[in-house]
Each structure stands twice: as structure tokens, then as C-alpha cells.
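Peer 1: A predicted structure for the sequence below; I have some questions about it.
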Amino acid sequence: DLDASWWESFDLFGQGRRRRLYMAFYTSMKQMEGVMTAVKDAMINEDFGGHHKAFCEAMRPRMESLQDSACRLLDLCQKACEDGTISEDERDDLLEGVDEVREEQLRLATHCREVIRTEDLKETHLVSKDLLNETV
């Protein structure tokens, strides 16, 4: 419990700053818990009929690229908390990481639209009517 751990070092020698940074990081990750729960529920309850596997294979490179960018950003966030101070270089790296994730999100959405519009998909009904009605 980061909130109650102050007594372990009495927040001396930079430990308070480090603890506050980790608390901010934890709070951000905790906010994502609701999103991840919604994704999990959707995965469990979704009817992946039709050619869902083929659709996902077409999307796989972009999804993996976004995953890699997000993991790098999370790693940068964690490392930035370690010494209790975010340097200018760390700040620049974090902002660059955020930009990279946003770019990958846009690439994923763009690629999804391209995959859905592909004539091959329309002919083979790779994308169901339900999926065509979804927005990314």
C-alpha cells in the first residue's frame, strides 16, 4: 500500500518524491482497470462468428505494434519513478512515448478501416454486418 508506506522511510532522502510518483503511476493504472474489465467482458460475451480469425490475422501486425509501444511507455513510466525525480530527458522520452502510442492507435484505426473496406473481405463476408457497424 503506497499510501501507507511513508513510515518505512519517513519519506526521507527522496523516498517521499519516489512514493508520490509511484502513487500517481498506480492511480493511472488503476483507472485503466475499468477499461480492461470492459474489454475482458466484451471478449467473453462477443459472438465471434463469421471470419473473425482471418480479420484478426489481418489486424495482427498493427495490434502488436500498438502493444509494443504501450509496453515501452509503461516501462518508461516505471523507470521515471525509480529515483523520485523526472529529469528533462525522462520527460522528453515520456512525451515521445505518448506520441508513439497515439500514432500507433491512429495507424490501427486506419488499418482497421482499410481491412474492412477491402474487396476481398466484402466478397468472403470476412467482416460481419455487426462488425461493419462497429467504430474503432
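Peer 2: Received it, and whenever you're ready, just let me know what you need. Numbering: from 1, shown residues only.
Peer 1: Ser83: what secondary structure?
Peer 2: One correction, residue 83 is Asp, not Ser. Taken by DSSP: H, G, I helix; E, B strand; the rest coil, the conformation at Asp83 corresponds to coil.
Peer 1: Run through the residues that contact the most centrally placed residue in the chain.
Peer 2: In the chain, the C-alpha nearest the mean C-alpha coordinate belongs to Ala70, at 4.9 Å (C-alpha atoms, centre = their mean). When contacts are counted by C-beta atoms under 8 Å, 6 or more residues apart in numbering, Ala70 touches Val101, Glu104. In short, each C-beta sits where N, CA and C put it, glycine included.
Peer 1: what do you get if the cut-off is 10 Å, keeping everything else the same?
Peer 2: Gly97, Glu100, Val101, Glu104, Gln105 (C-beta atoms under 10 Å, 6 or more residues apart in numbering).
Peer 1: Any of those buried? List them.
Peer 2: For those, burial is judged from neighbour counts taken by 16 or more other C-beta atoms under 10 Å, and it is met by Gly97, Glu100, Val101, Glu104.
Peer 1: With distance to Gln31, secondary structure and pLDDT as added columns, please give these in a markdown table.
Peer 2: Shown next, in a markdown table, are these (distance: C-beta to C-beta, whole Å; DSSP: H, G, I helix; E, B strand; the rest coil; pLDDT from 0 to 100):
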| residue | distance to Gln31 | secondary structure | pLDDT |
| --- | --- | --- | --- |
| Gly97 | 18 | helix | 96 |
| Glu100 | 20 | helix | 98 |
| Val101 | 16 | helix | 96 |
| Glu104 | 20 | helix | 96 |
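Peer 1: I'd like the residues you listed laid out as CSV, including distance to Cys77.
Peer 2: Supplementary listing: these in CSV, determined by distance: C-beta to C-beta, whole Å:
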residue, distance to Cys77
Gly97, 8
Glu100, 13
Val101, 11
Glu104, 16
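Peer 1: quick check, nearest of those to Arg62?
Peer 2: Proximity of the buried ones among the contacts of Ala70 to Arg62 was ranked by C-beta to C-beta; the top entry is Glu104 with 7.5 Å.
Peer 1: I figured the closest one hits Cys71, correct?
Peer 2: No: judged on C-beta atoms under 10 Å, Glu104 makes no contact with Cys71 at a distance of 11.2 Å.
Peer 1: Cool, thanks, signing off.
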